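Trainee: sequence and predicted structure below; questions after.
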Amino acid sequence: MSESQTESAGGGGNGLLIGGVAALTLLAGAIPLGVAFIGGEEEESADCEGPNAGQALTVVEGNLPIVDGYTPAQVSVAAVIMQTAEAEGLGSAAQIIGLITAQQESTMGVNTQPTGAGDAGPFQQRTLDGWYGSLEQVNDVAYAARAFFKGVTAQSPGDYGSAGGGEGHGHLPGLVDIDGWEAMAPGDAAQAVQRSGHPGAYAAHVDAAQRLMTALSGVEVNVDSSATMCSAGGDVAATGDAKAAIERGRGLLGTPYEFGGGGAHGPDTGIDCSGFIQYMLPDAGLPRMSQQQFDALSGSPVEPSQIQPGDLIFYAKGRTGAVGSPNGISHVSMYSGNGKMIESTRYNGGTEPGVQEVDAQIEGSHGFVGVRRVPGLSTETTN
């Protein structure tokens, strides 16, 4: 539970200090739960700062072990927490502290509904203005875990993290900000971050968390990190024209998808992907179709590792040509920062979900072709 919150959920287990469980590491010839990523480069995340950087981690459950007392979904949450600690260069002590915190706050991701205080996600982090992030962000296990381990730093007044006050624009402390956390008992370290009204509750989960770590250690667990969230500048928030475009698009969240519908003027009965891009960028002079937009921006390609808010992400998913072909572009979205993209889309020929903001699907994702920057669009970020 986040700073200044007063209640904790759940409980159980015996308070035993962890010993002899090593941090998860890369096994030769395998893709274990460790520092290796599929679809991204380990070096890419090493230069990024804070919970908004790194890889979007989604554990593929096919290789997850069965752990008594936990559902596959809960084991998946545990795996992402452990992977995030490893990716941030933290060891087994951080992993066990993250696990007992998520167990206490949300029963390892089971109880993630927001409370009246705006607390949500596996770590029950506040989503109010200036706190940890949006509801969608704190419900994302990788984002929430990075916020727990590294804290959240505001990049400009009013950003998430600004409730922390202090120097600059504010910082909500994470585990690494706690002096001497490595030498603390796990429950005490968790309490130092969460500041719960039930400070002794975390220690009750150490035994169960140790079982999870033992079960996951050395197991081949494929981690889908197809969304590369580090730009050259470690982007965290858009400014200028890009910010205006993204906010304009967010005003249509929930609008139905309509093939061929909408444009710069907005939705008709709904709006499709390229019409939605025209709506967000009404003065950019982009053509109507996604293939045409891709071709029109051929002079401004962007490496995925250099992506910035406002950049467009193009896909060929097989509807108009070969999957992944630059001549078969069938979908476009806009990178909105913090590892997210905003788009209008449909699934399985239906009309849902329409306009949504989701984890960015970039390298390694189905049909990904490339990223293009709109000339003249201000995409600088504040760091």
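Mentor: It's in.

Trainee: report the beta-bridge partners for Pro353.
Mentor: With beta bridges defined as DSSP bridges, Pro353 has these partners: Arg346.

Trainee: my guess is it meets Ser344, correct?
Mentor: No. Taking CB atoms under 8 Å as the definition, Pro353 is not a contact partner of Ser344, at 9.0 Å. Quick note: C-beta positions are derived from backbone N, CA and C, even for glycine.

Trainee: and the two? which has more neighbours close in?
Mentor: Ser344 (30 against 17; other CB atoms under 10 Å).

Trainee: give the other helices and strands that the one helix or strand the more buried one maps to contacts.
Mentor: Here Ser344, judged by DSSP states H and E, is contained in strand 340-346. Helices and strands touching strand 340-346, as assessed by 3 or more CB pairs under 8 Å, 6 or more residues apart in numbering; DSSP states H and E, comprise helix 240-250, helix 273-280, strand 331-337, strand 353-359.

Trainee: swap the cut-off to 10 Å and go again
Mentor: Packing partners of strand 340-346 (3 or more CB pairs under 10 Å, 6 or more residues apart in numbering; DSSP states H and E): helix 240-250, helix 273-280, strand 312-315, strand 331-337, strand 353-359.

Trainee: now render those as a markdown table, adding mean pLDDT.
Mentor: A markdown table is the format used below for the helices and strands packed on strand 340-346 (pLDDT from 0 to 100):
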| stretch | mean pLDDT |
| --- | --- |
| helix 240-250 | 92 |
| helix 273-280 | 97 |
| strand 312-315 | 96 |
| strand 331-337 | 94 |
| strand 353-359 | 86 |
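
Trainee: identify whichever of the ones you listed lies nearest to Thr107.
Mentor: Closest approach to Thr107 among the helices and strands packed on strand 340-346 is made by strand 353-359 (23.3 Å; CB to CB).

Trainee: quick one: low-confidence parts of the stretch 101-250 of the chain?
Mentor: Within the stretch 101-250 of the chain, the stretches with pLDDT under 70 are 218-239.

Trainee: any idea which residue sits dead centre in the chain?
Mentor: By CA atoms, centre = their mean, the mean C-alpha position of the chain lies nearest to Tyr143, the distance being 4.3 Å.

Trainee: assign it to helix, strand or coil.
Mentor: Assigned by DSSP: H, G, I helix; E, B strand; the rest coil, the conformation of Tyr143 is helix.

Trainee: hang on, isn't it packed against Leu135?
Mentor: No. The criterion here is CB atoms under 10 Å, and Tyr143 misses it with Leu135 at 11.2 Å.

Trainee: and the pLDDT for Thr84?
Mentor: Listed pLDDT for Thr84 reads 87.

Trainee: give me the nearest residue to it, chain neighbours excluded.
Mentor: Sequence neighbours aside, Ala145 is the residue nearest to Thr84 in space, at 3.9 Å (criterion: CB to CB, 6 or more residues apart in numbering).

Trainee: how much space between the closest residue to Arg248 other than its chain neighbours and Gln293?
Mentor: The shortest distance from Arg248 to any residue other than its chain neighbours is 5.3 Å, reached at Met280 (CB to CB, 6+ apart). To Gln293, Met280 is 12 Å away according to CB to CB, to the nearest Å.

Trainee: same question for His366.
Mentor: To Gln293, His366 is 19 Å away according to CB to CB.

Trainee: which one's more surrounded, these two?
Mentor: A count of neighbours by other CB under 10 Å puts Gln293 above the other of His366 and Gln293, at 23 against 12.

Trainee: mutual contacts of Tyr143 and Leu135, please.
Mentor: Gly121 (CB atoms under 10 Å, 6 or more residues apart in numbering).

Trainee: next, the contact list for Asp177, please.
Mentor: When the contact criterion is CB under 10 Å, 6+ apart, the partners of Asp177 are 149-151, 164, 171, 192-193.

Trainee: picking that back up, ok, now which ones touch the residue nearest to Arg248?
Mentor: By CB under 10 Å, 6+ apart, the residues touching Met280 are 242, 244-252, 264, 286, 310, 312, 334, 336, 342, 374.

Trainee: distance check, it against Met341.
Mentor: Applying CB to CB, the value for Met280 to Met341 is 12 Å.

Trainee: so what sits against both of Met280 and Gln293?
Mentor: Joint contacts of Met280 and Gln293 (CB under 10 Å, 6+ apart) are 286, 312, 374.

Trainee: make sure the first one is actually in contact with Met334.
Mentor: Right, the one you point to is Leu286. No. Using CB under 10 Å, Leu286 is not in contact with Met334; the gap is 11.3 Å.

Trainee: between these two, which one's more packed in?
Mentor: Between Leu286 and Met334, counted using other CB under 10 Å, the more crowded position is Met334 (26 against 21).

Trainee: buried set for stretch 93-111?
Mentor: Residues of stretch 93-111 classed as buried: 93-110 (neighbour count, 16 or more other CB atoms under 10 Å).

Trainee: one step back: between Met280 and Met341, what contacts are shared?
Mentor: Residues within reach of Met280 and of Met341 at once, by CB under 10 Å, 6+ apart, are 246, 312, 334.
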